[in-house]
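Undergrad: Need a 3D model of the sequence below.
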Amino acid sequence: MGLSGGDRREDDAARAGSVLGDLWRQVVDGILQALGDAVRDALGPGGPAMAWKRFRRRLSALLNDARRRSRRIITDQIRQAVAGARAELRETFPRRSPQISPEMVRELAAGLVRQLEHVQVQAERATEDVFKRAVAAVMTPRPGISEDQRLKNAQRVLDDLTSRGITAYVDRAGRHWELASYVEMATRTAVSRTLVNIQLTAYTGLGHDAVLVVSRTLEAPCPRCRPYDGAVLSITGKTAGQRITVTPWDAPARTERVVATLHEAMARGLLHPNCRHTLVPYADGQVMTPADLQPPPAAEYEAEQRQRALERRVRAARRRQAVAVHPGEQTRAKRRVAAAQRAAREHAATHGIPRRLRRERIDVAR
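TA: Got it, this is the predicted structure:
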């Protein structure tokens, strides 16, 4: 894979994650709407029992349909990504094009399907728990409590859900992953890592062990990637510690040490999701495109990260708006969305950051 490999790999992985994330974000929207409707139904003639039955049928229909569609999407997106990797490898090695087995594609698709089905079960349990707590808040048999107050009690439960999200997974660091965000992240990671493995298998099969870490983006690399920007790494460990000659196309040749194995660099964060670095096969003395450009200052990276935080604030405000069942909360939710959008707009203008409105929506993956 050539110097565009990092961009293409992450574009393919992002596309797969975005398509699947779009689906599950729609599911989350449907769940939030179903929860709000069920809370209101609990106050109706059928009471909580009828509201529960309706909610369970609606939730099951949403999840079952999403599962079926997910399987098709996963298989289609992985096939497209692998086809792109195969084509790019043919361009890089026209005389010795490596083979990619169909079994690899099937195994990746099956593994990702199993991973997502597990988190969907967790999400279903979490959603049912929120329903029970919200209905309990509405139906609390205490004298003197008006319907308006009971709606306010339920609103607090629903607001708590939108603040935390529908938890689908808790990682080893104790972070709670919201359902659609986890699906998108897991898909992007799985597809990206598979494309990297295809790339490395091709390189070693054709006799290349050393790779140059190249960034083709002007965006500031994150702190995890920065130590390896422009570094030479060993795929298998065979060349680790050796000194080899790097010859940029626009600078004198220089001697570089193979600083680490690729496994060590990836364990420290290189090639993380959204990483725009790529790996170029290197033979001693080969003329390479330069990888020693000075990265943008850390302040630029910090400004970009602040913009991401402001985008998350807009999405959080929109989720609160989606479950507003009390009239007063509906008005406040609109104001919060407007204020969050204004802050994101002003920060982007101040720092010259392109504003990506897609990241501020809750009905699409980012």
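Undergrad: Just say helix, strand or coil for Leu212.
TA: Under the three-state scheme (DSSP: H, G, I helix; E, B strand; the rest coil), Leu212 adopts strand.
Undergrad: no no, Gln321
TA: What three-state DSSP gives for Gln321 is helix.
Undergrad: pLDDT at it, what is it?
TA: At Gln321, the predicted lDDT confidence score is 80.
Undergrad: Surely it and Thr331 touch.
TA: No - assessed by CB atoms under 8 Å, Gln321 is found out of contact with Thr331, at 10.2 Å. Where you see a C-beta, it was placed from the backbone N, CA and C, and this is true even at glycine.
Undergrad: When these two are compared, which one has more neighbours?
TA: Gln321 (18 against 10; other CB atoms under 10 Å).
Undergrad: Not counting its neighbours along the chain, what's nearest that one?
TA: Ala333 (3.8 Å; CB to CB, 6 or more residues apart in numbering).
Undergrad: Contacts only, for the one you found.
TA: By CB atoms under 8 Å, 6 or more residues apart in numbering, the contact list for Ala333 reads 317, 320-321, 324.
Undergrad: One more: Leu262?
TA: By CB under 8 Å, 6+ apart, Leu262 lies in contact with 200, 211, 233-235, 270, 279.
Undergrad: which SS class is Ala260?
TA: What three-state DSSP gives for Ala260 is strand.
Undergrad: Which neighbouring elements make contact with the helix or strand encompassing Arg125?
TA: Element membership of Arg125, judged by DSSP states H and E, is helix 102-139. Counting contacts by 3 or more CB pairs under 8 Å, 6 or more residues apart in numbering; DSSP states H and E, helix 102-139 packs against helix 5-42, helix 47-92, helix 147-164, strand 167-170, helix 179-205.
Undergrad: run the last query once more with 10 Å
TA: helix 5-42, helix 47-92, helix 147-164, strand 167-170, strand 176-178, helix 179-205 (3 or more CB pairs under 10 Å, 6 or more residues apart in numbering; DSSP states H and E).
Undergrad: between those, which one is nearest to Arg342?
TA: helix 147-164 (20.4 Å; CB to CB).
Undergrad: hang on, Ile235 packs against Leu206?
TA: No - if you go by CB atoms under 10 Å, Ile235 and Leu206 don't touch, sitting 11.4 Å apart.
Undergrad: Looking at these two, which is more packed in?
TA: Using other CB under 10 Å as the criterion, Ile235 and Leu206 rank with Ile235 on top: 21 against 15.
Undergrad: nearest residue to the most centrally placed residue in the chain other than its sequence neighbours?
TA: Ranked by distance to the mean C-alpha position of the chain (CA atoms, centre = their mean), the top residue is Met185 at 2.9 Å. Here the nearest residue to Met185 in space, its sequence neighbours aside, is Pro273; by CB to CB, 6+ apart that works out to 6.2 Å.
Undergrad: need the contact list for the one you found.
TA: Residues counted as contacts of Pro273 (CB atoms under 10 Å, 6 or more residues apart in numbering) are 10, 13-14, 17, 184-193.
Undergrad: Repeat that for Gly328.
TA: Here Gly328 is in contact with 148, 151-152, 155 (CB under 10 Å, 6+ apart).
Undergrad: Save these as CSV, and put in pLDDT too.
TA: Formatted as CSV, the contacts of Gly328 follow (pLDDT from 0 to 100):
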residue, pLDDT
Asp148, 79
Leu151, 75
Lys152, 80
Gln155, 80
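Undergrad: And those, which is closest to Met139?
TA: Nearest member of the contacts of Gly328 to Met139, counting by CB to CB, is Leu151, at 11.5 Å.
Undergrad: wait, isn't the closest one in contact with Val323?
TA: No - using CB under 10 Å, Leu151 is not in contact with Val323; the gap is 11.8 Å.
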